[in-house]
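S.K.: pasting the sequence and the predicted model now:
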Amino acid sequence: MEKILLITQDDNLTQKCSDVFVQNDYKFELAKDKQEIDFVVTQFAPDVVLVDMDFDGVDVQVLCNNLKLYSQSDDIQLLLITDGKKILPDALSRVDGYVVKPFSNEVLLSSVNAHLRTKKRLDMIFSKTSELARSLYQLNVMYDTSSQLAGTLDKQKLIDVMREGFERSISFAMCAILLVSDDDVTLVINSLHPVSERLEAAIKLRMMLNYKNLFHDRKCPFDFNIDDIQVSKASKHSDGNFDIKIVDFDTLFSPISTADNFFGMVEVFRDEKFSQEDATCFQTLVKQVSLPLESANLYEELQNTNKKLEKLEQLKSEFISIVSHELRTPLTAIKNSLKIILSGKSGELPAPMANFLNMASRNVTRLSGIINDLLDLSKIEAGKMDFRFEKFNAKTSFEDVYATFLASAQEKNINLNLDLSQNLDDAYGDLDRIEQVLSNLVSNAVKFTPEEGEIKISAKDATDEEIKKCNPALKGGYVKISVKDTGIGIAADDLPKVFDKFQQIESALVRKVGGTGLGLSIARQLVEAHRGCIWVDSEVGLGSEFSFLIPTATEENIFILEIDKLIQNAKQNHAGLALVEVLEEGGQAFIDEFVGNSNIVTKYDKARIFTQSSSNSATMHIVLPDANKMALDILLQKIKELIISQNFTYNIKLGGVIYPDDAINSDELLQRVAENLIELV
Ligand code: ADP
């Protein structure tokens, strides 16, 4: 029923209005003085207020202002009753219309009705606008939530973001989330006021029953009892108390799950009823979090599996290393004893005994070879092989390998040749390890080449095409070393397998000469640790050619190999590393001065400086082992000040990165630092 309030002190007007409105089934009230006005307006909440302008003791203009102020949210329709002479323009601007005295009942009624219709429309627009604003706000919260969820693989954070989303979009009194996993069940209760123990017990039971209900026709993903549920509670305010009455509040409930995974359930409680939009928003937020939860689960599983694998790998390496060491010591003793006996120093040996002891000696040598191979492999695989890189010339060093195998080749009447290019560039690497690779290849060639065959060891500079195929990141060039034989060859199908661990190509000769199938796999890993590569060309019956590339000792190559080593060390020691790059375009005055005089870097005892120059630019890299972001920033600041304090007429750029924050391998780290150089002068 529409409510009309009349503000007047005129009895005739009161009577007239009362008759009209009561007869026509309106609720009618009268206010005669200021106190009554305040009271009636708030208590009666009228739809239309009729204000008589002849009102003693009250400023009509102020009254209209106040009424409009009150009506701002309710849109009361304000009509002035005037005699047509007293017009207050200001007051009129505040009101919605006026009725001029004298007026008939019909005029009054139709005028009031017209304003009642306006009010209805305004009410409707207001409610639609606020619904729209609410939906827009909820949409914003959902958008915000989804951007917070993106990229997060932390389960706890995902649940927190979802709960915050509820808090902002549907403002709950209490939110209960039951998180179920195969090793624990947690009930997280967030409420406006502290939750009583009685309520906590009731929520536990309710969640438990809800869980059983969800799976009443299927097997529960995890079985648990009410006592298994651990509770974690938090309330926004410390005062007041939420008790059992809260279960009468309106609620929204949803399982948190995907098609394949169940994570838990959530229920929110609110005194005020939830709208359809609230329910949609709630469901959307739950769905939004379910997928990332699934990814988080998978990620957790993957991490656990990785950890287990790493542990297994470590155990395996440690086992091999311990066993090999334990075997090596007694073997060395046996080998030495046999050597003494066979030398005749301990007395004359009868010929048959010498034969048997020679056989024993050969097998002991073979056994220690196998043990060394196993040790090498375990060291390389654990990243613990300590390389001693240096500049060397292949010519002199490979002559030694040649000499070592000459006797065994001659035993089989094999023609062993050495073909080393005259102007061979110096190489950079661990010479012992490179000789180990070459020895393995020559030993295989001798093994697999029949009598009267030929083996050629050669070394020359690698061609551009070979470099491109191998490792284009190493721009400084390579030396190519090859061992070519006229042996049994390898079938095309078997070629890809020869560098794999424990791989031997099945043949009568292989069975006869024996071996572990580790030699080429170790060779490949040693060569790759030098950023080189190894390959084989072969044809059955005609022979094989094994080739490998090792870097030449240019500034660029030395720099990259050293960086690899420094990063490898950092990885081993779980330490950080800072890398700074200075690029001077058009000169190299700053770098020259820095390398020659700067005491900046000498302060860091383990710092390394590498410089490279071309015709029109120079680059300097500074590496600080065991450094973090703070140390990097300090160093960058010092270099910056030094550069800026001088007068350069060309460009100098500066940048810095941190391992492992910016990248976890040298190529990426170098790329990052080069991409983020900042021009200083
Ligand atoms: P092993 O110690 O058993 O020789 P390698 O890893 O050195 O192990 O070699 C793996 C296999 O590759 C050998 O068993 C053999 O079948 C094949 N192979 C290696 N070198 C040659 C070669 N020069 N000619 C023919 N086959 C070879």
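M.R.: Right, received. Where do you want to start? Source: prediction; values computed, not measured.

S.K.: now the strands for the stretch 51-200 of the chain?
M.R.: 77-82, 97-100, 174-180, 185-191 (DSSP state E, counting those that start in this stretch).

S.K.: now the stretch 551-681 of the chain
M.R.: Residue ranges of the strands in the stretch 551-681 of the chain, as given by DSSP E, counting those that start in this stretch, are 577-585, 608-613, 617-625, 651-659, 678-679.

S.K.: ok, now the stretch 251-400 of the chain?
M.R.: In the stretch 251-400 of the chain, the strands defined using DSSP E, counting those that start in this stretch lie at 262-270, 390-392.

S.K.: where do the strands sit along the stretch 401-550 of the chain?
M.R.: Applying DSSP E, counting those that start in this stretch to the stretch 401-550 of the chain gives strands spanning 415-420, 427-429, 454-461, 478-485, 534-539, 543-551.

S.K.: scan the protein for its longest helix.
M.R.: In the chain, taking DSSP state H as the definition, the longest helix is helix 276-343.

S.K.: neighbours around the nearest residue to Thr145 once chain neighbours are set aside, how many?
M.R.: Closest residue to Thr145 apart from its sequence neighbours, by C-beta to C-beta, 6 or more residues apart in numbering: Gly165 at 4.0 Å. The way it works is simple: take the backbone N, C-alpha and C, and place the C-beta from them, glycine included. When neighbours are defined as other C-beta atoms under 10 Å, Gly165 has 25 of them.

S.K.: where does the stretch 101-250 of the chain get nearest to the ligand, residue-wise?
M.R.: Across the stretch 101-250 of the chain, the shortest distance to the ligand (C-beta to the nearest ligand atom) belongs to Leu153, at 41.4 Å.

S.K.: check contacts around that residue.
M.R.: Pro292, Ser295, Ala296, Tyr299, Glu300 (C-beta atoms under 8 Å, 6 or more residues apart in numbering).

S.K.: tell me the most packed of the residues you listed, by neighbour count.
M.R.: Among the contacts of Leu153, Pro292 has the most neighbours (other C-beta under 10 Å), with 22 neighbours.

S.K.: for the residue nearest to that residue when sequence neighbours are not counted, what are its contacts?
M.R.: Spatial nearest neighbour of Pro292, excluding adjacent residues (C-beta to C-beta, 6+ apart): Leu149 at 5.0 Å. The neighbours of Leu149, taking C-beta under 8 Å, 6+ apart as the test, are Leu158, Val161, Gln288, Val289, Pro292.

S.K.: nearest to Ser171 among those residues?
M.R.: Closest to Ser171 out of those is Val161 (16.5 Å), distances taken as C-beta to C-beta.

S.K.: number of residues surrounding the closest one?
M.R.: Neighbour count of Val161, defined by other C-beta under 10 Å: 21.

S.K.: what's the answer for Met174, then?
M.R.: Met174 is flanked by 22 other residues according to other C-beta under 10 Å.

S.K.: ok, it to Thr305 distance?
M.R.: Distance, Met174 to Thr305, using C-beta to C-beta, to the nearest Å: 39 Å.

S.K.: cool, Glu29 as well?
M.R.: Counting by C-beta to C-beta, the gap from Glu29 to Thr305 is 77 Å.

S.K.: list the contacts of the nearest residue to Ile591 once chain neighbours are set aside.
M.R.: In space, and not counting its chain neighbours, Ile591 is closest to Met620: 4.6 Å by C-beta to C-beta, 6+ apart. Residues near Met620 by C-beta under 8 Å, 6+ apart: Glu581, Val582, Glu584, Ile591, Phe594, Val595, Ile609, Phe610, Thr611.

S.K.: on that earlier part again, how about the contacts of Leu153 in TSV, adding distance to the ligand and pLDDT?
M.R.: Conversion of those to TSV gives the following (distance: C-beta to the nearest ligand atom, whole Å; pLDDT from 0 to 100):
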residue	distance to the ligand	pLDDT
Pro292	47	88
Ser295	42	86
Ala296	43	86
Tyr299	38	85
Glu300	39	83
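
S.K.: so which of the residues you listed comes closest to Lys219?
M.R.: Taking C-beta to C-beta as the measure, Lys219 sits nearest to Glu300 out of the contacts of Leu153, at 23.0 Å.

S.K.: isn't Asp376 up against Ser521?
M.R.: No - Asp376 lies out of contact with Ser521 (C-beta atoms under 8 Å); the separation is 9.8 Å.

S.K.: residue ranges with poor pLDDT in the stretch 1-150 of the chain?
M.R.: Within the stretch 1-150 of the chain, the stretches with pLDDT under 70 are 71-74, 86-93.
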